[in-house]
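[1] Quick check, what structure comes out for this input:
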Amino acid sequence: MSAPPQPPPGGPPPPNRRQRARAWWADRHALPRFGFWLISRGATVIGICLLLYVLNVVLNGWTPAYEVMTGITSPADDTVPAPWCAWPLSLAGWAVVPAVIGAAAGYVITEQIQAHHARQLCDVLAELRRLAEHPGPPPGSPGSGP
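    Coordinates of the predicted model:
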């Protein structure tokens with residue numbers, strides 16, 4: 001029977017790029033909810049919007065693509081050379097972009113609120129009960145003692 005192979009001196013070799021990428025992808029569940037969404041599903045949504053915008057820039061030009069996405073110009077306007085391509089961009093600019101921005105803002109606000117609600121309810125109630133007790137007469141008033 002032969003002896004098992006000895007490990008190389010100095011420990012195992014460092015992980016390669018593929019192993020690091022797999023470890024990073026596996027650790028995505030440890031991210032906050034918005035960060036996880038942004039990496040998993042948000043990248044697809046943002047990528048599709050970006051692809052629509054670039055396609056419109058190529059077919060319609062910079063100014064019409066920007067104006068259609070922001071809602072300044074209608075996709076059916078005569079100044080838009082390819083309205084068939086401008087309609088999806090208009091819908092994305094009208095619905096998807098505000099939804100992603102609103103989700104990001106809502107997540108940030110929720111995190112701030114939760115950070116301020118770190119105290120336990122029983123601690124807050126105990127403090128309120130203590131403050132609600134009748135403290136008696138203030139010091140130095142008549143009837144407070146000698």
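[2] Point to the residue nearest the middle of this protein.
    When Cα atoms, centre = their mean is applied to the chain, the residue found nearest the centroid is F34 (3.2 Å).
[3] what secondary structure does the closest residue in space to that residue that isn't next to it in sequence sit in?
    Excluding its sequence neighbours, the residue lying closest to F34 (Cβ to Cβ, 6 or more residues apart in numbering) is Y107, at 3.9 Å. Just so you know, the C-beta spots here come from the backbone N, C-alpha and C atoms, and that holds for glycine as well. Secondary structure, DSSP: H, G, I helix; E, B strand; the rest coil: Y107 is helix.
[4] can you tell me which residues contact Y107?
    By Cβ atoms under 8 Å, 6 or more residues apart in numbering, Y107 lies in contact with 32-34.
[5] and stretch 12-32, how far out from the chain's middle?
    21 Å (Cα atoms, centre = their mean, to the nearest Å).
[6] Show residues contacting that stretch.
    The contact list for stretch 12-32 (Cβ under 8 Å, 6+ apart) reads 36, 39-40, 107, 111.
[7] Which strands and helices lie in contact with the lowest-mean-pLDDT helix or strand in the chain?
    Ranking every helix and strand in the chain by mean pLDDT, DSSP states H and E puts helix 33-37 at the bottom, with a mean of 80. Contacts defined by 3 or more Cβ pairs under 8 Å, 6 or more residues apart in numbering; DSSP states H and E place helix 33-37 against helix 97-116.
[8] can you list the weak-confidence ranges in the chain?
    Filtered on pLDDT under 70, the chain yields the residue ranges 1-2, 7-8, 116, 118, 134-146.
[9] any idea where the helices of it begin and end?
    In the chain, helices defined by DSSP state H lie at 17-26, 33-37, 43-60, 62-70, 83-91, 97-116, 121-132, listed in chain order.
[10] that older thread, rebuild the contacts of Y107 as TSV, extending it with distance to I46.
    Listed next are the contacts of Y107 as TSV, based on distance: Cβ to Cβ, whole Å:
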residue	distance to I46
P32	17
R33	17
F34	13
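[11] Closest one to T79 out of those, please.
    Among the contacts of Y107, F34 lies closest to T79 (Cβ to Cβ), at 37.6 Å.
[12] doesn't G102 make contact with that closest one?
    No: with contacts counted by Cβ atoms under 8 Å, F34 stays clear of G102, the gap being 11.6 Å.
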